[in-house]
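Q: Need coordinates for the following:
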Amino acid sequence: MQVALSSKLSADDVKAFCAENPSLWAELSAQGEIIVIPPAGGESSYRSLDVAGEL
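A: Numbers count the residues shown, from 1 in each chain. Okay, here's the model as predicted:
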């Protein structure tokens, strides 16, 4: 999920957003958008485990 705002966010804005929403994983894009990362589960967890086993 991406949240586009009318102005770019600073790193401090994103830190505040993350502090207010501790259950979300979020990052700041180069365009100043907050990108909320969905939790791993199902197929993605299986693939992560498979890759980790190969390493």
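Q: Going by C-alpha atoms from here, please, whenever you check contacts or count neighbours.
A: OK.
Q: can you pull the buried residues of the helix or strand where residue 16 lies?
A: Using DSSP states H and E, residue 16 falls within helix 11-20. Buried residues in helix 11-20, counted by 16 or more other Cα atoms under 10 Å: 14, 18.
Q: So which other helices or strands are in contact with the helix or strand following that helix?
A: Sequence-wise, the next helix or strand downstream of helix 11-20 (DSSP H and E) is strand 25-28. On a contact count with 3 or more Cα pairs under 8 Å, 6 or more residues apart in numbering; DSSP states H and E, strand 25-28 meets helix 11-20, strand 34-37.
Q: can you rerun that using 10 Å?
A: Under the contact criterion of 3 or more Cα pairs under 10 Å, 6 or more residues apart in numbering; DSSP states H and E, strand 25-28 touches strand 2-3, helix 11-20, strand 34-37.
Q: Strand partners (parallel or antiparallel) of the last one?
A: Strand 34-37 has the following strand partners under DSSP bridges: strand 2-3 (antiparallel), strand 25-28 (antiparallel).
Q: Just the CA atoms of the longest one, as PDB, please.
A: Which is strand 25-28. The C-alpha atoms that make up strand 25-28 are tabulated as PDB, following Å, rounded to 0.1, in the frame of the first residue of the first chain:
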ATOM      1  CA  TRP A  25       6.300  -1.900   8.600                       C
ATOM      2  CA  ALA A  26       6.800   1.300   6.500                       C
ATOM      3  CA  GLU A  27       9.500   3.000   4.500                       C
ATOM      4  CA  LEU A  28      10.000   6.300   2.700                       C
END
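Q: which parts of it are buried?
A: Residues 26-28 are the ones in strand 25-28 that count as buried (16+ other Cα under 10 Å).
Q: average pLDDT across it?
A: Mean pLDDT, strand 25-28: 84.
Q: where does the chain have low pLDDT?
A: Where the chain drops to pLDDT under 70, the residues are 1-6, 40-52, 54-55.
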